[in-house]
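Trainee: Need a 3D model of the sequence below.
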Amino acid sequence: MKVNELKKTRNIGIVAHIDAGKTTTTERILFYTGKLHRFGTVDEGTATMDWMEQEQERGITITSAATYCTWKDHSINIIDTPGHVDFTVEVERSMRVLDGLVVVFCAVGAVQPQTETVWRQADKYKIPRVIFVNKMDRTGADYRRCMDQIRKKFGVSVAPLTIPYFVEDKLAGVADLVKMQLEINDGECEEGRRWVPLPADLAGHAAVCRADLLETLSDFSDEIAEKYLDDAEISEKEIYAAVRRATIENRFAPVFCGTSAKDVGVQSLLDAVVRYLPSPLDVPAVSGVNNKTGEICVRHADDSEPFSALAFKIAREPHVGHITYLRVYSGSIKKNSRVYNAGIGKMDRVSRILRMHANRREDLDELSAGSIGAVIGLKTVGTGDTLSAENDPITLENITFPEPVISVSIEPEKKGDYQKMSAALHDLATEDPTFKSEINADLEQTIISGMGELHLEIITDRLKREFGVMTNTGRPKVAFKETAGKTVEAEGSYVKQSGGSGHFGKVLLRVAPLPPGDGFVFDNEVRRGEIPQEYFGSVQRGVEQALKKGVLGDYPVIDVHVTLLGGAFHEVDSNEQAFRIAASIAFRNALKKSGAILKEPIMKVEITVPEDYVGNVMQDISSRRGKLAEMETLPGNVRQISTFVPLSEMFGYSTIIRNRTQGRGSFSMEFHSYRKVPKSVSDEMVKKGA
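Mentor: The predicted structure follows:
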């Protein structure tokens, strides 16, 4: 791709909390850019980007969908992501390959739980953002409150570049604070809008807002600051340049407003995408590890550099097999070419190259540096794998995914469908790294695990519709974890000597608890000569094996720091197996000695209810071991309650909240952290073997 084309390329994602209007916004963008000739709607199940049957029936986005469009000579690759917490994997893997984001907020709900999650994900990948406050026509919409919450919760500098204009409580257009003109929707005009002078009743407020914008930009631009203080004229071009620079540097997020469903403000948002979000040339070059030398090397968005790309999503298509979605960082890839899977060191072949438009495909001959596209034919590639040139291999940073928090047993209705079900579950796990399937040998059951009840419900529905396998599932089971209660030291030995070659290994470990989320850390402080260095790896592998099952209820062990302190060996009988088993025994002994603690997944639950039902709802939350985080009053005598509740107490809560609020309450939840289970509850669970 030529430099001029790259400068006019935008790889963006559209993210938000569920029901903020993400998919509707994408539909309007596609309409105004000429990709669609009629609007689709989420409520009617006709949205282009929500193409799965399950999405159309439920009115939610389940899988990220890729598309493309053009606006003012710019090419825009768009990924529309889910807003439901159960499908956060789709957001995570999309974030990894995007250059910019449109974050959609509901003007009534403001900052909601999943918005906080996607914002943190964007911070992790340092992605520049523009903000679109949607649904400004709704009762209770509050533009200023929304921006205040964004500043408070995210600590980011924001300022509006458009403000709403109402005529008799009806949203009639948005005022552009740079042009100082009013944008009105008009289907007769080429871009679906026209510009008119600011009405007299809006001009004064717009002038005040523009002054606030310039004052904010003064913090990021010396030129603007100097002219602002001198009360000199500041040109549109200077403002655009200052906003773009501050946005790309992640020091500022410009805010726009409108109502996608009523076609207000969408064109200004499109202008913002091409004007303020970065091209592949504006973001740092990607770096990775050279497979041959082990050195860190950099790849630029340039077709002349060695090929490198990241596979960020695998999707199954019934008629074509698996489609692999790629972000090409350097070089280019052509159809019928061979590529090198750097992760496993194998060559693979690309038979077709595609540009995706939701579930529709357009064949291409080539994907260039800076592009997002898809390929067919790869057999060895999984999510997060790096593809590169064989003679200059590189491994890019992989994608990390959260562990499942809920499990159910599953079996086919027809015994003859076991093999068919196993193959289908394997395909689904290949697509979705947060979905796991395994056979529990002790229970002789197939266990599937995911991010929530809805996640597993969608999986079983796909088994029926896509693979023709009817199944029965057991009661949901929470993914509890164990950890050490305190720092202890313990020994483990494995000695078998009965003539001939035997086994001899003795290990002394120190096991200490780590802060939540720190995972597993292994160190060694062995005094010289106690254990040969060649067995250190065996000790670590033995500990890692023991982490899979704790001592309270065979739950995985998390957040522990294990240090190898010493031990003993035999010149003849010591071997890797002996030290691996001894380490496993030592770790279990230490875990018991430490007073192992049971941990459970805690969900952040946000409940919206009318004032009259707050007491009723809070009483119920308390009975579920919930703890209040904060409570906020919303317009219309409505309360927004943020609480932390154990996942095990939240099954079936949608029915409970409806009953307790006469259908007027709603809630959303997302995984927050693992926390200690109260001793009384833990003792009861261990006693029951839950």
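
Trainee: Which strand in the chain has the most residues?
Mentor: The residue-count maximum for a strand in the chain (DSSP state E) belongs to strand 597-610.

Trainee: how about the helix or strand that it is followed by: buried residues?
Mentor: As assigned by DSSP states H and E, the chain's next helix or strand after strand 597-610 is helix 614-623. Using 16 or more other Cβ atoms under 10 Å as the test for burial, helix 614-623 gives 614, 617, 618, 620, 621. All C-beta atoms are positioned from the backbone trio N, CA, C, and that covers glycine.

Trainee: I'd guess residue 123 is in a helix, am I close?
Mentor: Yes. The assignment for residue 123 by DSSP: H, G, I helix; E, B strand; the rest coil puts it in a helix.

Trainee: Now for it, how many residues are close by?
Mentor: 15 (other Cβ atoms under 10 Å).

Trainee: so how far is residue 519 from it?
Mentor: From residue 123 across to residue 519, the span is 20 Å (Cβ to Cβ, to the nearest Å).

Trainee: Ok, residue 212 next?
Mentor: With Cβ to Cβ as the criterion, residue 212 and residue 519 are 44 Å apart.

Trainee: do residue 471 as well
Mentor: 33 Å.

Trainee: Compare those two (neighbour count), which wins?
Mentor: More neighbours surround residue 471 than the other of residue 471 and residue 519, with 22 against 11 (other Cβ under 10 Å).

Trainee: my guess is the more buried one meets residue 414, correct?
Mentor: No. Using Cβ atoms under 8 Å, residue 471 is not in contact with residue 414; the gap is 9.7 Å.

Trainee: Could you pull up phi and psi at the residue nearest to residue 569 when sequence neighbours are not counted?
Mentor: Excluding the flanking residues, the one nearest residue 569 by Cβ to Cβ, 6 or more residues apart in numbering is residue 531, at 5.6 Å. Dihedral pair for residue 531: phi -140, psi 130, per degrees, to the nearest 10.

Trainee: mind starting the numbering at 41 from now?
Mentor: Noted, 41 is the first residue going forward, which turns the last one into residue 571.

Trainee: Around residue 571, how many other residues sit close by?
Mentor: By other Cβ under 10 Å, neighbour count at residue 571 equals 25.

Trainee: just checking, it touches residue 619?
Mentor: Yes. Residue 571 is within contact range of residue 619, at 7.4 Å (criterion: Cβ under 8 Å).

Trainee: Give the intersection of the neighbour lists for the two.
Mentor: 547, 579, 607, 609 (Cβ atoms under 8 Å, 6 or more residues apart in numbering).

Trainee: and the residues you listed, which two are the farthest apart?
Mentor: Using Cβ to Cβ, these reach their maximum pairwise distance at 579 and 609, which is 11.1 Å.

Trainee: okay, the two: which has more neighbours?
Mentor: When neighbours are counted by other Cβ under 10 Å, residue 579 comes out ahead of the other of residue 579 and residue 609, with 28 against 21.

Trainee: for the longest strand of the chain, packing partners?
Mentor: Applying 3 or more Cβ pairs under 8 Å, 6 or more residues apart in numbering; DSSP states H and E, we find strand 637-650 packed against strand 521-523, helix 654-663, strand 678-686, strand 706-716, helix 719-728.
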